[in-house]
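Asks: I'll drop the sequence and a predicted model, then ask my questions.
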Amino acid sequence: MFADPPRADGRLVSGVHRHDGFSALQRSARGSTELFAPSSISIGTADMESQQCESSMPAIGEISALALNHYFAQRAMRAFWAHFDEELRDAEINASQFCMLALLNHRGPLVFGDMAAELAMDRSNLSANLAPLFRRKLISSITHKEDRRKRQLVVTTEGQKAAVSAMLPWLRAYRNTFEFVRLIDLSSMRDLFFALRKFNQDCN
């Protein structure tokens, strides 16, 4: 279903044993001082320079292994999301659009800003994602009952039909990936996202 990541020795790691490739890479990185050191580099004759160079190489190797772990974690999430998009192809909506329809169906009418906050998306990004749903008349906007100056987003009858037709493919995609999902606490991933988002905002 998902492409297997390469091991440090070039072979593929299949199924749930992919982490063995990462472990092997980490062991290789820790045990070698040549991961980033071309053989043509000439070490200085001074003992201090030699010691500094030798002590820095294991650290570089370990950081390299960690960087590869994060690289494959990012690719795994992309592959995970792409699988849901593929399963939903016949329903003619993607995974992001299904989540938006599900949110509006679950929460009821939402003001645009509230929906952006709920999905942790900026307004321009949300507008781009909602545009296809508006064009297909799967969602519409109505006047807020308590404040007529505001507009709320709602799922239309056609949108409800689209969401219902996408439920079985979405559940099938979930079952297909269950062996991977069950190893992850998805609620903690949500908390991690918001924590990292706040951290990045504070840094900027």
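Replies: Ah, there it is.

Asks: gap between the two ends of stretch 141-160?
Replies: 15 Å (CA to CA, to the nearest Å).

Asks: distance from the chain centre to it, please.
Replies: Distance, stretch centre to chain centre, for stretch 141-160: 30 Å (CA atoms, centre = their mean, to the nearest Å).

Asks: what's in contact with that stretch?
Replies: 101, 104-105, 108-112, 115, 130, 133, 136-140, 163 (CB atoms under 8 Å, 6 or more residues apart in numbering). All C-beta spots, glycine's among them, are computed from the backbone N, C-alpha and C.

Asks: what's the ChimeraX syntax to select whichever of those residues are buried?
Replies: Only the buried entries of the contacts of stretch 141-160 go into this ChimeraX selection, using 16 or more other CB atoms under 10 Å:
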select :101,104,109,110,112,115,130,133,138,139,163
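
Asks: and V154, what element?
Replies: strand 151-155 (DSSP states H and E).

Asks: name every strand pairing with that strand and say which way it goes.
Replies: Its sheet considered, strand 151-155 pairs with strand 110-111 (antiparallel), strand 139-143 (antiparallel) by DSSP bridges.

Asks: pLDDT below threshold where in the chain?
Replies: 1-58, 183, 186 (pLDDT under 70).

Asks: which residue lies nearest the spatial centre of it?
Replies: The chain has M77 as the residue nearest its centroid, 4.0 Å off, counting by CA atoms, centre = their mean.

Asks: what about it, which SS state?
Replies: Three-state secondary structure (criterion: DSSP: H, G, I helix; E, B strand; the rest coil) places M77 in helix.

Asks: against A117, how distant is it?
Replies: 22 Å (CB to CB, to the nearest Å).

Asks: over to A102?
Replies: Taken as CB to CB, the span from A102 to A117 is 17 Å.

Asks: which one's more surrounded, these two?
Replies: A102 (15 against 12; other CB atoms under 10 Å).

Asks: excluding chain neighbours, what is closest to that one?
Replies: Once flanking residues are discounted, A102 sits nearest to A163: 6.4 Å by CB to CB, 6 or more residues apart in numbering.

Asks: where's the one you found, which helix or strand?
Replies: Using DSSP H and E, the element containing A163 is helix 157-176.

Asks: could you identify the helix or strand that succeeds that helix?
Replies: Heading C-terminal from helix 157-176 (DSSP H and E), you reach helix 178-181.

Asks: buried residues in that next one?
Replies: F180.

Asks: now for Q152, how many residues are close by?
Replies: Q152: 19 neighbours (other CB under 10 Å).

Asks: that one bridge partners, please.
Replies: V111, I142.

Asks: just to revisit the earlier point, quick one: closest of the strands paired with strand 151-155 to F193.
Replies: strand 110-111 (19.9 Å; CB to CB).

Asks: where do the helices sit along the chain?
Replies: 18-31, 47-87, 95-107, 112-119, 123-135, 157-176, 178-181, 186-203 (DSSP state H).

Asks: can I get these in TSV with distance to R148?
Replies: Shown next, in TSV, are the helices of the chain (distance: least, CB to CB, whole Å):
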stretch	distance to R148
helix 18-31	55
helix 47-87	38
helix 95-107	20
helix 112-119	15
helix 123-135	21
helix 157-176	23
helix 178-181	44
helix 186-203	33
